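[1] Next come a sequence and a model predicted from it.
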Amino acid sequence: MRALVVSIWVFINLVFFGMCGYMYLLWSQYWMFIERQTGTTTSTYDQQIYYYNRGFLPNDSNKTHNETKLRIKHSLKDNVTVTLIKNSKPRFPNLQGREFELDTKKYICFKNDSFKNCSSKSLEFKEKILKELRRVLEDEGNVLKISAENPYNVQYKGTKGNFYDKTPKEIMCELKKIQVKTLKRGDVDRGPHNLGDFLPKRGLFENRKFNSCAIVASAGALKDSNLGKNIDAHDLVLRFNHAPTKGFEPDVGRKTTIRVLNSQVVTRKEFNFLESDIYKNVTIVAWDPSNYKATLDEWLEKPEFNLFPTYIEYKKRNVKARFFLINPQSLWELWDFLQDNSPSRLRRNPLSSGFLGLGILLPLCNFIDVFEYVPSTRVTKRCHYYDPEDNPACTFGVWHPLAAEKLLTYYINTIDDRTVFQDGYVRISGFKNVKC
């Protein structure tokens, strides 16, 4: 009799939970139907973040959703189809509500704070920011969320792990196996527009080493940071895209050694790449993503944004210019590394320029200080220090897998938490210091 009662109880529970799951799926499909019916309306918020992360000027209001479709078409093989979900509501809500505060000064240490009080503030902020980054990472990896978006046809075959299960040294040894390569003359047999004739004979800073290097993010938290002198004290300073120094010297410094650009900055007229002084008298490193499994020849034939004519014109005008192109296969090797060490499924898009910059400098520098990449107590809704636009997703990521990048970067950091969260930079040892 007892067995019968237990069996009936189990059956009733199975039916109940099955019905709940079924109703949830119906609710999910309903929202997808609504989105298909209202597909002509795009989310301004999502578009802003999309274009921020891809290098567009923040106030470019004439970009259309068709351009997003065109972008996806460029990065897919002809026989691959993709469903683009526009203005989409989450199919399954995030049950962990956002508790993280932006633009608050309560965690900032002031001159009259005792060492103990400052340490307490730093610890509390650390716990909150890491919790938020982990929440975002877990939320992005939710298999019940929209999973059709795969514009680069990523077919990951590795085994997802967790960097917390490894020591920082083990992580660095894995990262050391990856070489972020720039294209050299011998890598390309002439190529489109005779590209091979214009490529450098040597790789980026081949046979050169630096002691101290700085990577300067473009984060809004750099505004009023007074980090300029600290940044300029480094032997090499790397910046991104069109982030200016003029007028912001107290916060971001004056020196620029390398400027890492995505292909849109090189190709789009509004960035005035061929004429603007911001791209002159510095080493330029440009990147353009390929399909996940594309060969170098396939990418050369069909880049996402055709930067080759502009590259050649720049080299013609500036014969001695140091202008390098990243081998796009290196981008996906870095992505694989991050996915190998992330328990959650990553966004199937290339990593951010920030993590790429770290990959570029690790073989060259004794140590790298990365400014306002891992958020400090100055974290703000402001996307960039040079523009007043607000957008919190610039910190946590909408297109790039920023949460995973920042969690791992903090894990391999070697400097104290007060410096990370109050001063605003992490320090990563260069490969020369890693004995594997």
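    Arrived safely, thanks for sending.

[2] Give me the neighbour count for Asn112.
    6 (other C-beta atoms under 10 Å). C-betas here are computed from N, CA, C, even on glycine.

[3] Roughly how far does it sit from Asp416?
    21 Å (C-beta to C-beta, to the nearest Å).

[4] again with Phe305
    Distance from Phe305 to Asp416, by C-beta to C-beta: 41 Å.

[5] quick one, what contacts Lys176?
    Leu362, Phe431, Val434, Cys436 (C-beta atoms under 8 Å, 6 or more residues apart in numbering).

[6] Strands of the stretch 251-400 of the chain, start to end?
    Using DSSP state E, counting those that start in this stretch, the strands assigned to the stretch 251-400 of the chain run over residues 258-262, 283-287, 323-325, 365-371, 382-384, 387-390.

[7] One more: the stretch 101-250 of the chain?
    Going by DSSP E, counting those that start in this stretch, the stretch 101-250 of the chain shows strands at 210-216, 236-240.

[8] Deepest-packed of these, please.
    strand 236-240 (a mean of 24; mean count of other C-beta atoms under 10 Å).

[9] So which residue is dead centre in this structure?
    Ser352 (2.2 Å; C-alpha atoms, centre = their mean).

[10] Quick check, that one in contact with Ala404.
    No: the criterion here is C-beta atoms under 8 Å, and Ser352 misses it with Ala404 at 10.3 Å.

[11] picking that back up, can I get the buried part of the contacts of Lys176 as one PyMOL selection?
    Here is the PyMOL command that selects the buried residues among the contacts of Lys176 (16 or more other C-beta atoms under 10 Å):
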select buried, resi 362+431+434
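
[12] would TSV of the contacts of Lys176 with pLDDT and distance to Arg134 be doable?
    Formatted as TSV, these follow (pLDDT from 0 to 100; distance: C-beta to C-beta, whole Å):
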residue	pLDDT	distance to Arg134
Leu362	97	24
Phe431	96	27
Val434	93	26
Cys436	92	28
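
[13] count of residues packed around Arg190?
    10.

[14] can you pull the contacts of the residue nearest to Arg348 when sequence neighbours are not counted?
    Excluding the flanking residues, the one nearest Arg348 by C-beta to C-beta, 6 or more residues apart in numbering is Val154, at 4.0 Å. The contact partners of Val154, taken as C-beta under 8 Å, 6+ apart, are Tyr292, Trp332, Trp335, Arg348.

[15] any idea how far Val154 lies from Leu331?
    11 Å.

[16] again, but for Asp297
    Counting by C-beta to C-beta, the gap from Asp297 to Leu331 is 17 Å.

[17] okay, the two: which has more neighbours?
    Leu331 (22 against 11).

[18] ok, the residue nearest to Asn318 when sequence neighbours are not counted - how many residues close by?
    With sequence-adjacent residues excluded and distances taken as C-beta to C-beta, 6+ apart, Asn318 is closest to Lys280, at 7.3 Å. Lys280 has 14 neighbouring residues, counting by other C-beta under 10 Å.

[19] Looks like Lys280 contacts Arg317 (just checking).
    No: taking contacts as C-beta under 8 Å, Lys280 lies outside contact range of Arg317: 9.9 Å.

[20] before we move on, back to that, kindly reformat the strands of the stretch 101-250 of the chain as a markdown table containing mean pLDDT.
    What follows is the strands of the stretch 101-250 of the chain, written out as a markdown table (pLDDT from 0 to 100):
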| stretch | mean pLDDT |
| --- | --- |
| strand 210-216 | 97 |
| strand 236-240 | 97 |
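
[21] hang on, the earlier thing: just among the contacts of Val154, which is most surrounded?
    When neighbours are counted by other C-beta under 10 Å, Trp335 leads those with 25 neighbours.

[22] Hmm, Pro350 and it touching each other?
    Yes: using C-beta under 8 Å, Trp335 is in contact with Pro350, at 6.3 Å.

[23] circling back: leaving out sequence neighbours, find the closest residue to the residue nearest to the centre of the chain.
    His400 (4.0 Å).

[24] Equivalent analysis for Lys121, please.
    Among residues not flanking Lys121 along the chain, Tyr107 sits closest, at 4.8 Å (C-beta to C-beta, 6+ apart).

[25] Cool, thanks, talk later.
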